[in-house]
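Enquirer: Structure, please.
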Amino acid sequence: METENKIKINKAQLPGFISLAKETLKVYKDKWNVLVPLFLMFPIILIILSFAIFATKLISPSAFFLNIIINTATLFIMFLVMSWIHLSIIITAKERYNNIGLIKVLKKAKSKVFAFFWTVALCSITIIGGLIFFGLLGLIFVSPLNLNLDSSIIVITSMGISSFIGIIIAIWVFGAGIIAATEDKRGIAALAQSREYVRGYFFKIFFLMVMGLLLFFSFTLITEAISNNLIKLVANLIIIPIPTIFSYLIFEKLKLIKGNLPEPTTGQKNFFLISAGVGVITIFWVIIISTRSIPDINIDQLKYQIETGQELPRLPM
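Expert: Predicted coordinates:
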């Protein structure tokens with residue numbers, strides 16, 4: 001039966017948007033008892049973390065650097081929690097034909113949280129690296145052509161080139177997080193493997209992803225019409241799993257078509273290594289430039305402002 005299904009999918013290639021949208025909503029309907037609690041957990045955890053920060057400031061209000069460390073750690077924990085929740089959605093979609101409950105899903109996801117978090121973070125860094133690298137290339141090639149173009153047109157052209165490349169990279173790596181969640185690959189290997197699955201299906205996947213986003217935004221328009229803010233918040237949280245399920249189903253169909261691909265070669269990984277390296281350098285460069293652009297402020301004055309909530313006195317000119 002599985003072989004027959006695979007042959008059928010091979011002939012049909014990727015399903016159409018309507019078919020995938022219906023399957024997405026069916027998965028949600030069948031597994032709502034797992035999916036709804038997953039995202040309702042997030043604001044509860046957020047409230048607990050907020051109370052922890054507030055309690056720390058009450059106990060030790062003058063511990064300036066301790067507060068910075070705790071705030072940074074809290075932000076990191078929030079990202080990990082979000083990764084855990086998204087990972088749990090992917091596992092729920094994968095195990096949709098099995099009788100699997102919320103606790104079992106969370107336990108299955110726990111062992112892969114860091115691999116998933118690292119892979120998704122690397123996707124973002126790689127996209128940033130591609131945007132910057134090809135944006136600069138655009139400036140380098142367009143500027144010397146003496147086309148008598150206004151500088152704003154040159155910048156817009158460069159931004160257009162980098163955005164185009166950013167979209168391409170985003171489609172290439174769309175399955176990287178799913179690979180990290182469902183297979184024993186992570187990081188650059190997951191990104192390179194995702195690109196190999198996308199190869200030959202780029203435009204169809206691009207179309208499906210755009211339509212999937214439109215489906216999600218149509219649900220957000222409905223929730224925005226709700227007048228009660230609390231109900232609106234709950235409704236917005238409840239619809240968040242939809243794009244994740246939709247993306248997983250696209251990847252699942254791709255994997256049925258292509259089967260298990262071999263390990264990515266060094267050459268296939270190199271592009272993502274270079275792009276990720278450019279992304280990391282860019283992030284550090286932005287941090288350094290931002291830090292240097294801030295005027296020197298006495299640390300005692302800064303501590304006073306944070307701890308008391310009062311405005312810093314103006315620095316002498």
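Enquirer: what's the neighbour count on the residue nearest to Val36 when sequence neighbours are not counted?
Expert: In space, and not counting its chain neighbours, Val36 is closest to Ile238: 5.7 Å by C-beta to C-beta, 6 or more residues apart in numbering. From N, CA and C alone the C-beta is placed, and that goes for glycine too. Counted with other C-beta atoms under 10 Å, the neighbours of Ile238 add up to 18.
Enquirer: Name the helix or strand for Ile238, please.
Expert: helix 229-239 (DSSP states H and E).
Enquirer: Give me the average confidence score over that helix.
Expert: The average pLDDT within helix 229-239 is 80.
Enquirer: ditto for stretch 38-52
Expert: Stretch 38-52 comes out at a mean pLDDT of 74.
Enquirer: Quick check: buried residues in that stretch?
Expert: Residues of stretch 38-52 classed as buried by neighbour count (16 or more other C-beta atoms under 10 Å): Leu38, Phe39, Met41, Phe42, Leu49.
Enquirer: which non-adjacent residue is nearest Phe207?
Expert: Phe17 (7.4 Å).
Enquirer: check contacts around that neighbour.
Expert: Contact analysis of Phe17 by C-beta atoms under 8 Å, 6 or more residues apart in numbering lists Phe207, Leu208, Met211, Gly212.
Enquirer: what do you get if the cut-off is 10 Å, keeping everything else the same?
Expert: Going by C-beta atoms under 10 Å, 6 or more residues apart in numbering, Phe17 touches Lys204, Phe207, Leu208, Met209, Val210, Met211, Gly212, Leu214, Leu215, Phe246.
Enquirer: Of the residues you listed, which is the most crowded?
Expert: In the contacts of Phe17, the most neighbours by other C-beta under 10 Å go to Phe246, 25 neighbours.
Enquirer: thinking again about what came up before, among the buried residues of stretch 38-52, which one lies nearest to Glu263?
Expert: Of all the buried residues of stretch 38-52, Leu38 has the smallest distance to Glu263: 32.2 Å, by C-beta to C-beta.
Enquirer: is it true that the closest one touches Ile89?
Expert: Yes. With contact defined as C-beta atoms under 10 Å, Leu38 and Ile89 form a contacting pair (6.5 Å).
Enquirer: Could you name every residue contacting both of these two?
Expert: What both Leu38 and Ile89 touch, as defined by C-beta under 10 Å, 6+ apart, is the set Lys31, Val105, Ala109, Ile240, Pro241.
Enquirer: among these, who's most crowded?
Expert: Pro241 (27 neighbours).
Enquirer: so who does it touch?
Expert: Contacts of Pro241 by C-beta under 10 Å, 6+ apart are 24, 27-28, 31-32, 34-36, 38-39, 85-86, 88-90, 92-93, 248.
Enquirer: next one: Lys255
Expert: So Lys255 contacts Ile9, Gly175, Ile178, Ile179, Thr182, Glu183, Tyr197, Leu261 (C-beta under 10 Å, 6+ apart).
Enquirer: per-residue confidence for it?
Expert: pLDDT, read off for Lys255, is 91.
Enquirer: dump the residue contacts of Leu237.
Expert: Contacts here follow C-beta under 10 Å, 6+ apart; on that basis Leu237 touches Val36, Leu38, Phe39, Leu40, Met41, Phe42, Pro43, Thr223.
Enquirer: which one among the residues you listed gets closest to Leu122?
Expert: Once C-beta to C-beta is applied, the member of the contacts of Leu237 that ends up nearest Leu122 is Phe42, at 22.9 Å.
Enquirer: re earlier: give the buried residues for the helix holding Ile238.
Expert: Residues of helix 229-239 classed as buried under the neighbour-count rule (16+ other C-beta under 10 Å) are Val234, Ala235, Leu237, Ile238, Ile239.
Enquirer: Distance from the chain centre to stretch 168-177, please.
Expert: 10 Å (C-alpha atoms, centre = their mean, to the nearest Å).
Enquirer: Keeping just the C-alphas, turn that stretch into PDB.
Expert: This file holds the C-alpha atoms of stretch 168-177, laid out as PDB (Å, rounded to 0.1, in the frame of the first residue of the first chain):
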ATOM      1  CA  ILE A 168      15.600  32.100  -3.000                       C
ATOM      2  CA  ILE A 169      17.700  31.100   0.100                       C
ATOM      3  CA  ALA A 170      14.500  31.100   2.300                       C
ATOM      4  CA  ILE A 171      12.800  28.600  -0.100                       C
ATOM      5  CA  TRP A 172      16.000  26.500  -0.200                       C
ATOM      6  CA  VAL A 173      16.200  26.200   3.600                       C
ATOM      7  CA  PHE A 174      12.400  26.000   4.400                       C
ATOM      8  CA  GLY A 175      12.700  22.300   5.300                       C
ATOM      9  CA  ALA A 176      15.900  22.600   7.400                       C
ATOM     10  CA  GLY A 177      14.000  22.900  10.700                       C
END
